[in-house]
Structure formats: structure tokens, C-alpha cells
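Asks: sequence first, then the predicted structure, then my questions.
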Amino acid sequence: DAGVTQSPTHLIKTRGQHVTLRCSPISGHKSVSWYQQVLGQGPQFIFQYYEKEERGRGNFPDRFSARQFPNYSSELNVNALLLGDSALYLCASSLFPDSNYGYTFGSGTRLTVV
Amino acid sequence: AQSVTQLGSHVSVSEGALVLLRCNYSSSVPPYLFWYVQYPNQGLQLLLKYTSAATLVKGINGFEAEFKKSETSFHLTKPSAHMSDAAEYFCAVSEAGSARQLTFGSGTQLTVLP
């Protein structure tokens, strides 16, 4: 079975641009979460979606948005990119939103803003 | 609010020696606790989790952790280190009952010396 798939794997953008990151969860998983991992730090929670509805939002500015599609895949959008947005963006999928069911992480998208 | 403190950003052990990675948490409600491992250029892999059952939790690859409420700790151990254990390890906490997001520590880089 395929794991959590994220695309692209690497991306370079210029300050002020917009970026869209994509995530396909494990087949049968209905919940997708997004995390940002800045170099040298632990991941930080951005969003969680379940059954196409937002179930949680972390402390990130409105430049960050996400959505989940009927097939449970998800997109993370970041507008007006800043240098500080450079990070590894991780997607995690699970059967249900609650963490005790276990989250499976993808390999991430490494975003570099120049 | 919850938080995680990982003592020691870098830990070195000799192959065959005991591995001990420290994690202390702060949570206003009963927590769920997790240990994840991250290999270079990869996502996070779940090692083990505590979700209010047995306080001694056994995980994959010979790792285990003990939940000590009185010490607010969840230290990760392995009796004998292997070269393949070299990676970054993250402790994470979420709130039992409303466990929609993980709060991660800043990570501990484990080096295994031959």
C-alpha cells in the first residue's frame, strides 16, 4: 500500500510569490494534518482537516490556508511568501482526527524562499 | 496549553550502549505522549505512544518508554544501541479527549559511535 504522498518534494520560490503543496493520504484515511518544520526545530501544527472540514488551526497567519477534497487529498496554500516560510512541510494522515489513532507522516515538501 | 522539553539536543552513545533520550511534558489535562524518529530527508515515523493504558510502552526497533506522571516525564530507552539508530528523535504531546494536534519538542540528534 502507498503511504502518504506529498508533492513536490522540493520547491524554490521568490519572496512575495504564492505556493501550493499537495498531499494524498493513505487509502481509507479521512483526516489530513499539516505541519511546518523549520530547520533545527520540531514540527509545528498548521491545520487539520477531516471529512473536508477544518477541525483545527495552529498559530499561523492568514497567509496560510488549506482545503480537503472529496477524495480526502489536501492542499496547503501560502500567499505572499516570506523568507521565514522556508521549511519542510509535512502532511500526516489518519483514520480519524484524534491523535490516539496514530498519524502517518509523509516525507515532506522542502520549500526554500529566496 | 501543553509543551514538551527534550533535554539534550545532541546525544552520543557507543554501539551496544544504553540509549536514554529525555522528555518532560507540561499539560493541564491528561496527555497522550509519543516518540517519533526522523531519518535524514524523510518524514516522521512513530516509535511508540502512550494513551493512558500501561505506563511502560514498548515500541518498534527495541525502543520503550515509561510514563511517569509524578515526574511529568516520558523518557525513551533502548538497551543496546545499533548504528542504524542514528537519527533525530522527537517527543510529542497531545491532550487526551481532544487530541487533534501534536505539540513537538525541539528534537534530540542521536549519534552512535562505532
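Replies: Good, I have the coordinates.
Asks: get me the contact residues on chain B for chain A.
Replies: Residues of chain B lying close to chain A (Cβ under 8 Å from any Cβ of the partner chain) are B:4, B:32, B:34, B:36, B:41-46, B:49, B:51, B:90, B:92, B:94, B:96, B:99-107. The way it works is simple: take the backbone N, C-alpha and C, and place the C-beta from them, glycine included.
Asks: in contact with whichever residue of chain A sits closest to chain B, which residues?
Replies: Closest to chain B within chain A is A:G42: 3.2 Å, counting by Cβ to the nearest Cβ. A:G42 makes contacts with B:4, B:90, B:92, B:104-107, as judged by Cβ atoms under 8 Å, 6 or more residues apart in numbering or on different chains.
Asks: and if we set it to 6 Å?
Replies: B:90, B:104-107 (Cβ atoms under 6 Å, 6 or more residues apart in numbering or on different chains).
Asks: try A:R55
Replies: A:48, A:97, B:100.
Asks: in the sheet, who's paired with the residue of chain B found nearest chain A?
Replies: At 3.2 Å from chain A, B:F104 is the closest residue in chain B, using Cβ to the nearest Cβ. With DSSP bridges applied, B:F104 shows beta-bridge pairing to B:A92.
Asks: relative to A:E54, how far out is B:L47?
Replies: B:L47 sits at a distance of 29 Å from A:E54 (criterion: Cβ to Cβ, to the nearest Å).
Asks: the more surrounded of these two?
Replies: Between B:L47 and A:E54, counted using other Cβ atoms under 10 Å in any protein chain shown, the more crowded position is B:L47 (23 against 13).
Asks: for the more buried one, grab phi and psi.
Replies: Backbone torsions of B:L47, given as degrees, to the nearest 10, read phi -90, psi -50.
Asks: about what we covered before: tell me which residues touch the residue of chain B closest to chain A, please.
Replies: B:F104 sits next to A:42-43, B:90, B:92 when contact means Cβ under 6 Å, 6+ apart.
Asks: what sits against the spatially most central residue of chain A?
Replies: With distances taken as Cα atoms, centre = their mean, A:W34 lies nearest the centre of chain A, 3.1 Å away. By Cβ under 6 Å, 6+ apart, A:W34 lies in contact with A:46-47, A:76, A:91.
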